[in-house]
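Enquirer: Generate coordinates for the sequence data below:
(chains A and B)
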Amino acid sequence: SQTIHQWPATLVQPVGSPLSLECTVEGTSNPNLYWYRQAAGRGLQLLFYSVGIGQISSEVPQNLSASRPQDRQFILSSKKLLLSDSGFYLCAWSMTSGYNEQFFGPGTRLTVL
Amino acid sequence: KQEVTQIPAALSVPEGENLVLNCSFTDSAIYNLQWFRQDPGKGLTSLLLIQSSQREQTSGRLNASLDKSSGRSTLYIAASQPGDSATYLCAVRRSSRAQKLVFGQGTRLTINP
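Expert: Below is the predicted model:
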């Protein structure tokens, strides 16, 4: 069976510091990968998705970037965090064929102070 | 632009009742619709996925229906239990090529023992 991991689970960072959140998927190959952010009162918003190694698509302009250095690894980064980057970050995966049902990880709670 | 609405935002019912959660979307041209459950501070758990060609899907005590023409989906929960307490989210996907899920704001469900 497939599992998806995210770390860290929680993170408190000062404004202006860098960020690196990691997501890995086990039990499947060549998945589609996604980063979402869930902010209070704003619902879930797709930030980035990737259909393959090194292929990143951005849904919204922002202070964040994403990378996919390996098939089942997806990284969310920032060089300088803003207060508005606070939120709950969720990684998800789906198969590249079929109905593309999306499966989510446990999330990372980021607080920028 | 697709918009997804879930009403009510919160619902509280006694244990054992059958209940219906609602999801409406503005653009009926969808590829599929997915229902999720989210416990406080946790990631999303996929409950059911309905393809645009389907009318309903069932899993255990859960039944999801889809009426594309009216832009509505319902999630029926039979014989509710306290463990069903969570936020329920619906999300729609525009096409097989589109990676983005558009989420509703969710319905926070509380089942009272």
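Enquirer: give me the number of residues near A:Thr108?
Expert: 22 (other CB atoms under 10 Å in any protein chain shown). C-beta coordinates here come from the backbone N, C-alpha and C atoms, glycine included.
Enquirer: whoops, B:Val102 was the one
Expert: 23.
Enquirer: With adjacent residues omitted, what lies nearest to it?
Expert: B:Gln2 (4.7 Å; CB to CB, 6 or more residues apart in numbering or on different chains).
Enquirer: And for A:Ser78?
Expert: A:Leu19 (4.0 Å).
Enquirer: Would you confirm that the residue nearest to B:Val102 belongs to a helix?
Expert: No: B:Gln2: not assigned to a helix; according to DSSP: H, G, I helix; E, B strand; the rest coil it is coil.
Enquirer: what's it in contact with, if anything?
Expert: B:25-27, B:30, B:92, B:94, B:102 (CB atoms under 8 Å, 6 or more residues apart in numbering or on different chains).
Enquirer: now for stretch B:92-102, what's the gap between its first and last residues?
Expert: 5 Å (CA to CA, to the nearest Å).
Enquirer: From the rest of the structure, what touches it?
Expert: So stretch B:92-102 is contacted by A:32, A:34, A:44, A:46, A:49, A:51, A:57, A:59, A:100, A:102, B:2-4, B:25, B:27, B:29-34, B:91 (CB under 8 Å, 6+ apart).
Enquirer: same question, stretch B:79-88
Expert: Under CB under 8 Å, 6+ apart, the answer for stretch B:79-88 is B:6, B:13, B:15-19, B:21, B:35-40, B:47, B:61, B:75, B:77, B:106-113.
Enquirer: how long is stretch A:55-72 from one end to the other?
Expert: 13 Å.
Enquirer: partners of the helix-or-strand element of chain B with minimal mean pLDDT, with directions?
Expert: Least confident element among the helices and strands of chain B, by mean pLDDT, DSSP states H and E: strand B:101-103 (a mean of 94). Its sheet considered, strand B:101-103 pairs with strand B:86-93 (antiparallel) by DSSP bridges.
Enquirer: what distance separates the strand it pairs with from the centre of its chain?
Expert: 5 Å (CA atoms, centre = their mean, to the nearest Å).
Enquirer: Mind checking the pLDDT average for that strand?
Expert: The average pLDDT for strand B:86-93 rounds to 97.
Enquirer: re earlier: and after the least confident helix or strand of chain B, which helix or strand comes next?
Expert: The helix or strand immediately downstream of strand B:101-103 is strand B:107-112, counting by DSSP states H and E.
Enquirer: can you dump the C-alpha coordinates of that next one into CSV?
Expert: C-alpha atoms of strand B:107-112 as CSV (Å, rounded to 0.1, in the frame of the first residue of the first chain):
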residue,chain,number,x,y,z
THR,B,107,-18.9,21.4,6.9
ARG,B,108,-17.8,20.9,10.5
LEU,B,109,-19.9,17.9,11.8
THR,B,110,-20.4,17.1,15.5
ILE,B,111,-22.2,13.9,16.5
ASN,B,112,-23.4,14.1,20.1
